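Peer 1: Compute the structure for the input listed below.
(2 chains)
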Protein chains: 2
Amino acid sequence: MFKVVKRATGSRARLGQLTTPHGVIPTPAFMPVGTQAAVKGITTTQLREMGVDIVLANTYHLYLRPGSELIRNLGGLHRFMGWNGPILTDSGGYQVFSLSELRKVKPDGVRFKSHIDGSEHEFSPELSMKVQSDLGSDLVMVLDECPEYPITEEETRRSLEITHRWAERCKQYPLQEGQALLGIVQGSTFPKLREESAKALTGIGFDGYAVGGLSLGESKELRHEMVDAALSNLPEDRIHYLMGVGTPEDILNAINQGVDLFDCVLPTRNARNGYLFTSQGPVIIKQNRYREDSSPADPNCDCYVCRNFSRAYLRHLFMAHEINSAILNTYHNVFYYMKLMERIRTNIAEGMN
Amino acid sequence: MFKVVKRATGSRARLGQLTTPHGVIPTPAFMPVGTQAAVKGITTTQLREMGVDIVLANTYHLYLRPGSELIRNLGGLHRFMGWNGPILTDSGGYQVFSLSELRKVKPDGVRFKSHIDGSEHEFSPELSMKVQSDLGSDLVMVLDECPEYPITEEETRRSLEITHRWAERCKQYPLQEGQALLGIVQGSTFPKLREESAKALTGIGFDGYAVGGLSLGESKELRHEMVDAALSNLPEDRIHYLMGVGTPEDILNAINQGVDLFDCVLPTRNARNGYLFTSQGPVIIKQNRYREDSSPADPNCDCYVCRNFSRAYLRHLFMAHEINSAILNTYHNVFYYMKLMERIRTNIAEGMN
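Peer 2: Next up, the predicted model:
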């Protein structure tokens, strides 16, 4: 399913190929986030055109609305969202712990109230697997407990036990043919617990491994250390996914530590807030300095937006609250991330990393 | 600039060609509305791909934000909005009379307060021409007074005098090379005044003629009568534009009366409200009946949306307040209007109209 094609010489970066039922993904890869079965502001045609190989969708959101059985009855998530490339679904755990109210963790699962209508639900490892099986995603994530940051070592240890027990139960669930299951290393900011978690998950055995529970406010140094603690204790020949990361700089650093896969709302969410990623640093498009600026968002970018529109126009759309502001900014930012990943892959391939 | 290519046998419909500095437009034609220099939810690539030949932009909005001199300094409206096809700009009159506060009509122009920030402005025929010259649109509209409906005959007559005086002043203004100027027939619902207005404008002499002040709540019969009163008294060899109309049915009827050009916010605005135009009648996408409907919005449509997405998915996007709901619905509706116009042109060409 995953193979390392080439290893960098100056770092632990690797060039890889992830094979899924819906296509082969060259890694390191970045997944735009399509929370509710849509990458906000971008059509599937545009995703293809800018070189997106895989998207992420959120189990928690789709379970609540429109419901995973509805999606299954309509032929699965790929057909539903008109995207025939690979899809990774998260387990729903992170959103249960960050979005919903009145959650209560029990050994069997977690009770919570919907952030949409307050209705009560319970997520168990089996239900998360069932929902992801209904969705038919290519990459399935185990249900984990996502503790807040900061948290004591003792609490982390208690939480890890639940996470590992749930991981075992997820492993037992009969997914659809071709669906790959990824375990998630937790352990907050305790290197020893990260190591233990990586070893426990490796013991259970998954198709790939993610590092979760980071990017929650810890320092970059701590994050770096945690990724190292996890990756040093995970199989080298499986894909490594760092969840929820991050800025271009964060991604580059993590790739050098051996991470293969990323997702983050930054390019899409920032776009809607008028924050453009460029080769010259961030462009905050509402600033008055761009009022009559005839240059493109990024003079070194050859995306549709940079080829056709000025910063002055993008600023106008933002100030005028035009929906096309979100559309064009998102297009540029996702393109920027795709080019970044392409460049990194080229660098590894050419031994420049 | 305009030539009639063929006349229908069963009606006064005509097939025509409107030549502008940015391309030739086959008529009858429909212009999607790009109020603030953007057709909401649609990129210029998508406009091209669905066969849009000309778009409309609003002088009032662009004058207030970002300002027409800014747009001129950046190379004009075409370059600003990344659309190198033909553009028609309205005069700003309609929005001054419908959107702004505290307007006061004087012989020289109309004072009003911006709907954005309350700032005071005055629009004169010369200023409207200057703004449209700055924008560099292909088709320029004269400034007219747009009375509300209903209105007495006496008031209409008084208003018409202003409209005709302004039309003369617009005619005197030196536009940019290649810009065509269209007069606007007013006269509310009084056939005699519509006739007088058409004759007065023809006397001044314009590149084309519009019928304004309709679709304001009058009956379809009255509108039909007013269009007849105007068109019977306008030169046959000039383009006829019916402003702000309308539903597919309204458009078809007006074409049979001899109208060549249309604009309306219906396909775009209705799309954002979840109203889809289809060959089987309107689809109100939020309705529960579409919850698990795997069929496309319109089974007889081959647009990107209908080829790739189900009503169930479109309903999901609408219910989940996804920006992609506006994007996909707008795409479909504009495509629907474009195919409608194409079919009508084919019918006239083949003598079936």
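
Peer 1: I figured A:C264 hits A:V245, correct?
Peer 2: Yes - taking contacts as C-beta atoms under 8 Å, A:C264 lies within contact range of A:V245: 6.0 Å. For the C-beta atoms, the positions are set from N, CA and C on the backbone; glycine is no exception.

Peer 1: residues touching the closest residue to A:L214 other than its chain neighbours, list them.
Peer 2: Sequence neighbours aside, A:R223 is the residue nearest to A:L214 in space, at 5.1 Å (criterion: C-beta to C-beta, 6 or more residues apart in numbering or on different chains). Contact partners of A:R223, counting by C-beta atoms under 8 Å, 6 or more residues apart in numbering or on different chains, are A:214-215, A:250.

Peer 1: Most remote residue from the middle of chain A, which is it?
Peer 2: Distance to the chain centre peaks in chain A at A:E292, reaching 36.3 Å (criterion: C-alpha atoms, centre = their mean).

Peer 1: OK, contacts around that residue?
Peer 2: A:312, B:70, B:73-74 are the contacts of A:E292 under C-beta under 8 Å, 6+ apart.

Peer 1: Please flag which of these sit within helices.
Peer 2: A:312, B:70, B:73 (DSSP state H).

Peer 1: shouldn't the first one be in contact with A:S294?
Peer 2: Same thing as A:A312. Yes - using C-beta under 8 Å, A:A312 is in contact with A:S294, at 6.3 Å.

Peer 1: any shared contact partners between the two?
Peer 2: B:L74.

Peer 1: Tell me which of these two has more neighbours.
Peer 2: Using other C-beta atoms under 10 Å in any protein chain shown as the criterion, A:A312 and A:S294 rank with A:A312 on top: 20 against 14.

Peer 1: From chain B, how far out is that one?
Peer 2: A:A312 is 6 Å from chain B, where distance means C-beta to the nearest C-beta, to the nearest Å.

Peer 1: Quick check: the gap between that residue and A:A198.
Peer 2: A:A312 sits 50 Å away from A:A198, going by C-beta to C-beta, to the nearest Å.

Peer 1: just to revisit the earlier point, check what pLDDT the residue farthest from the centre of chain A gets.
Peer 2: Residue-level confidence at A:E292 comes out at 98, pLDDT.

Peer 1: my read is it is in a helix, agree?
Peer 2: No - under DSSP: H, G, I helix; E, B strand; the rest coil, A:E292 falls outside any helix and is assigned coil.

Peer 1: And for the closest residue to chain B within the stretch 101-250 of chain A, nearest residue in space, chain neighbours not counted?
Peer 2: Residue of the stretch 101-250 of chain A nearest chain B, by C-beta to the nearest C-beta: A:I116 (9.0 Å). Distances taken as C-beta to C-beta, 6+ apart place A:L64 nearest to A:I116, at 5.8 Å, with adjacent residues excluded.

Peer 1: Tell me which helix or strand A:V110 sits in.
Peer 2: strand A:109-113 (DSSP states H and E).

Peer 1: Now that strand: buried residues?
Peer 2: A:109-112 (16 or more other C-beta atoms under 10 Å in any protein chain shown).

Peer 1: which secondary structure elements does that strand contact?
Peer 2: helix A:93-98, strand A:101-106, strand A:120-123 (3 or more C-beta pairs under 8 Å, 6 or more residues apart in numbering or on different chains; DSSP states H and E).

Peer 1: picking up where we left off before, B:R103: which of the contacts of A:E292 is nearest?
Peer 2: Set against B:R103, the nearest of the contacts of A:E292 by C-beta to C-beta is B:L70 (24.4 Å).

Peer 1: burial measure for that closest one, as a count.
Peer 2: If you count neighbours by other C-beta under 10 Å, B:L70 ends up with 16.

Peer 1: residues in contact with it?
Peer 2: By C-beta under 8 Å, 6+ apart, the contact set of B:L70 is A:291-292, A:312.

Peer 1: how does it look with 10 Å?
Peer 2: B:L70 is in contact with A:291-292, A:312, A:316, B:62, B:80, B:134, counting by C-beta atoms under 10 Å, 6 or more residues apart in numbering or on different chains.

Peer 1: Show me which of those residues are buried.
Peer 2: Buried, going by 16+ other C-beta under 10 Å: A:292, A:312, A:316, B:62, B:80, B:134, out of those.
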